[in-house]
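A.B. asks: Sequence first, then the predicted structure, then my questions.
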Amino acid sequence: MEEKKYKILMVCLGNICRSPAAEGVMQRLVDERGVAHLFEIDSAGTYGGHSGQLPDQRMRVHARRRGYELTHRARRITGYDMGDFDMIVAMDDANRADLVRLARTPEEVQKIVMIGDYITQNPHYDYVPDPYYEGSEGFELALDLLEDACVQLLNEILAKLMEQNN
């Protein structure tokens, strides 16, 4: 019998900058730690206007410089996602508010966490700012914050999974 995977959904507005980058960062972390078999990582947006598109070209360029290939196709989050994923990670307060409205049960609301709660290296940020209307520095900042937060997030999840298995 195959072990149930812990399912993480990264969520931003359009699913073309922050959340696909977060998905790429987290996927590489689980690959590097040899725990990819324990996880399913995906991303979605609260807005569906970019559905089917690759991540923003600027984010792909900045991510590629760090060794991430972002190939996810944008999609809008669904009610099914709210029930299906174990953790839903919002990039900012507006995304969180949209996710709370989409949740159908208190259990689904409990699954929603803020990426900013895991940022440790830059105390000026409690969210990942949308780089869409920014220059290169906005994309670099988003990636810096995501790399930091995803390490902390993965450490917490792995500790929780270890505790559950003992």
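C.D. replies: That came through fine. Numbering: from 1, shown residues only.
A.B. asks: quick one: the strands in this protein?
C.D. replies: 6-12, 39-45, 87-90, 112-114 (DSSP state E).
A.B. asks: what's the last one in contact with?
C.D. replies: What that stands for is strand 112-114. 87-90, 93, 96, 99-100, 103, 126-127, 153 (Cβ atoms under 8 Å, 6 or more residues apart in numbering). Placement of C-beta: from N, CA and C, glycine included.
A.B. asks: and which of these is nearest to Arg76?
C.D. replies: Leu99 (12.0 Å; Cβ to Cβ).
A.B. asks: Now do that closest one: how many residues are near it, please.
C.D. replies: Neighbours of Leu99 under the rule other Cβ atoms under 10 Å: 24.
A.B. asks: Can you tell me the closest non-neighbouring residue to it?
C.D. replies: Leaving aside its sequence neighbours, Leu99 sits nearest to Ile112 (Cβ to Cβ, 6 or more residues apart in numbering; 5.0 Å).
A.B. asks: On the strand side of things, show who that neighbour bridges to.
C.D. replies: Ile112 has the following beta-bridge partners by DSSP bridges: Ile88.
A.B. asks: burial of it, as a residue count?
C.D. replies: Ile112: 21 neighbours (other Cβ under 10 Å).
A.B. asks: ditto for Ala94
C.D. replies: For Ala94, using other Cβ under 10 Å, the count is 14.
A.B. asks: So it versus Asn122, what's the distance?
C.D. replies: Computed with Cβ to Cβ, to the nearest Å, the distance linking Ala94 and Asn122 is 20 Å.
A.B. asks: Also Tyr80?
C.D. replies: Tyr80 sits 34 Å away from Asn122, going by Cβ to Cβ.
A.B. asks: For Trp49, give me its contacts.
C.D. replies: Actually, residue 49 is Gly rather than Trp. With Cβ under 8 Å, 6+ apart, Gly49 has these contacts: Gly14.
A.B. asks: Give the rounded mean pLDDT of the longest helix along the chain.
C.D. replies: Assignment by DSSP state H gives helix 136-165 as the longest helix of the chain. Summarised as a single mean, pLDDT over helix 136-165 is 96.
A.B. asks: just stretch 112-123 next, same as before
C.D. replies: Rounded mean pLDDT across stretch 112-123 is 97.
A.B. asks: What residues sit buried inside it?
C.D. replies: For stretch 112-123, a neighbour-count test (16 or more other Cβ atoms under 10 Å) marks 112-116, 118-119 as buried.
A.B. asks: burial count for Ile8?
C.D. replies: A count of nearby residues for Ile8, using other Cβ under 10 Å, gives 26.
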